[in-house]
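In: for reference, the sequence and a predicted model appear below.
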Amino acid sequence: MINAERPDTPGQWRVFAVQYATRTALRSTHFHYPDNRGGEPHPTAYYVWLALSQTDTVLIDAGLAPSTAEGMQGLDYFGSPLEIIGGLGIAPGDIDLCVLTHLHYDHTGVVADLPRARYVVQRRELEYWNGPWATRIEQERWLHSRPDIDHVAASTRLDLVDGDRELLDGLSVHSVGGHTAGMQVVRVRTARGNIVLASDASHFYENIESDNPFAILHYLPDMFGAFDRIQELADGPDHIVPGHDPLVSERFKAVDRQPHVMSLG
């Protein structure tokens, strides 16, 4: 291991935010309820998360594939998430479990490059994207990658979850919905307490702190329910990690010689 030492205590995890890209859009595109600052530039960071116990290696989400990133206007792509994780001494074949918080294209991009990982997806999420409505709803149909979803659905390593489940000692998934039909968040026990990887259940700290959901959503009431559930699961506001906030890199320290990897706990 280069910069990703494993914890000494059974049932405890070390967690890292791995930033692989950034992009700037307008503030008006990032919040459901508008304000008078809508025309201001508002940056977005793109992450996957890595969790290490004494014995297990878990990747939370699978980011953007390099081929997809090439076609995204204004995206500053630092490299494949798996390449950046490789700098920590973790190879794709070392990953035991890949939790997909939801099936949007920027969270599934390198999933097919994991040779042995078990995939964990909420059943409702997979059924929605394979059902009759997703391709008919203009606001949602562009958000998924059909090849990624087909790969996950056909895999013999797929574990479909209904609701909340402890996957490993100290690491659990919790169904919240809202941003997508089957959105889930991940709770991880670390040396500093239970942190919640909110992913797109709260894109930015401001979403949950100001009770203003992200602009792209599947069902608004569940977005508010997700905010409440995240706060119940986390040991405090500083134990909540949003899915796309550049402030993560300011609030958490980067690991040695890895400027795009922050240690969360």
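Out: Noted; the coordinates are in hand. Source: prediction; values computed, not measured. Numbering: from 1, shown residues only.

In: most distant residue from the centre of the protein?
Out: Farthest-out residue of the chain from its mean C-alpha position, per Cα atoms, centre = their mean: Asn36, at 29.3 Å.

In: what helix or strand is that residue located in?
Out: When elements are assigned from DSSP states H and E, Asn36 belongs to no helix and no strand.

In: could you do Leu143 as well?
Out: If you go by DSSP H and E, Leu143 is not part of any helix or strand.

In: cool, and Phe227?
Out: Judged by DSSP H and E, Phe227 forms part of helix 220-233.

In: equivalent analysis for His218, please.
Out: Applying DSSP H and E, one finds His218 in no helix or strand.

In: list the contacts of it.
Out: 140, 177-181, 183 (Cβ atoms under 8 Å, 6 or more residues apart in numbering). For the C-beta atoms, the positions are set from N, CA and C on the backbone; glycine is no exception.

In: state the distance from it to His102.
Out: Distance from His218 to His102, counting by Cβ to Cβ, to the nearest Å: 9 Å.

In: where does Trp49 land in three-state SS?
Out: strand (DSSP: H, G, I helix; E, B strand; the rest coil).

In: just the pLDDT for the spatially closest residue to it that is not a sequence neighbour.
Out: Among residues not flanking Trp49 along the chain, Ile60 sits closest, at 4.0 Å (Cβ to Cβ, 6 or more residues apart in numbering). We have a pLDDT of 99 for Ile60.

In: go on, Tyr205?
Out: Predicted confidence (pLDDT) for Tyr205: 98.

In: now Phe204: how far from Asn212?
Out: 9 Å.

In: of those two, which one has the most company?
Out: Phe204 (24 against 18; other Cβ atoms under 10 Å).

In: ok, the more buried one touching Ile240?
Out: No. Using Cβ atoms under 8 Å, Phe204 makes no contact with Ile240, being 11.1 Å away.

In: shared neighbours, those two?
Out: Counting by Cβ under 8 Å, 6+ apart, nothing touches both Phe204 and Ile240.

In: what sits up against stretch 100-111?
Out: 46, 60-65, 68-69, 80-82, 98, 119-121, 125-126, 129, 143-145, 148-149, 151-152, 179-180, 182-186, 197, 199-201, 243.

In: how long is it from one end to the other?
Out: Terminal residues of stretch 100-111 are spaced 9 Å apart (Cα to Cα, to the nearest Å).

In: please apply the same query to stretch 116-127.
Out: Termini of stretch 116-127 sit 23 Å apart (Cα to Cα).

In: try stretch 180-196
Out: Length of stretch 180-196, first residue to last, Cα to Cα: 18 Å.

In: from now on call the first residue 265
Out: From this message on, residue numbering opens at 265, which makes the last subject stretch 444-460.

In: centre of the chain to that stretch, how far?
Out: Centroid separation for stretch 444-460 versus its chain: 10 Å, with Cα atoms, centre = their mean, to the nearest Å.

In: got the buried residues for that stretch?
Out: By neighbour count on 16 or more other Cβ atoms under 10 Å, the buried set for stretch 444-460 is 444-454, 458-460.

In: what does stretch 426-446 give?
Out: Quick answer for stretch 426-446 (16+ other Cβ under 10 Å): 431-432, 434-446.

In: one step back: so which of the buried residues of stretch 444-460 belong to strands?
Out: Of the buried residues of stretch 444-460, the ones assigned to strands by DSSP state E are 448-454, 458-460.

In: tell me which of the contacts of His482 has the lowest pLDDT.
Out: Within those, lowest confidence goes to Glu404 (90).

In: how near is it to His368?
Out: Applying Cβ to Cβ to Glu404 and His368 gives a distance of 9 Å.

In: those two: which is more packed in?
Out: His368 (24 against 19).

In: Leu511 - how many residues pack around it?
Out: 13.

In: what distance do you get for the residue lying closest to it once chain neighbours are set aside to Gly275?
Out: Leaving aside its chain neighbours, Leu511 sits nearest to Tyr469 (5.9 Å; criterion: Cβ to Cβ, 6+ apart). From Tyr469 across to Gly275, the span is 28 Å (Cβ to Cβ).
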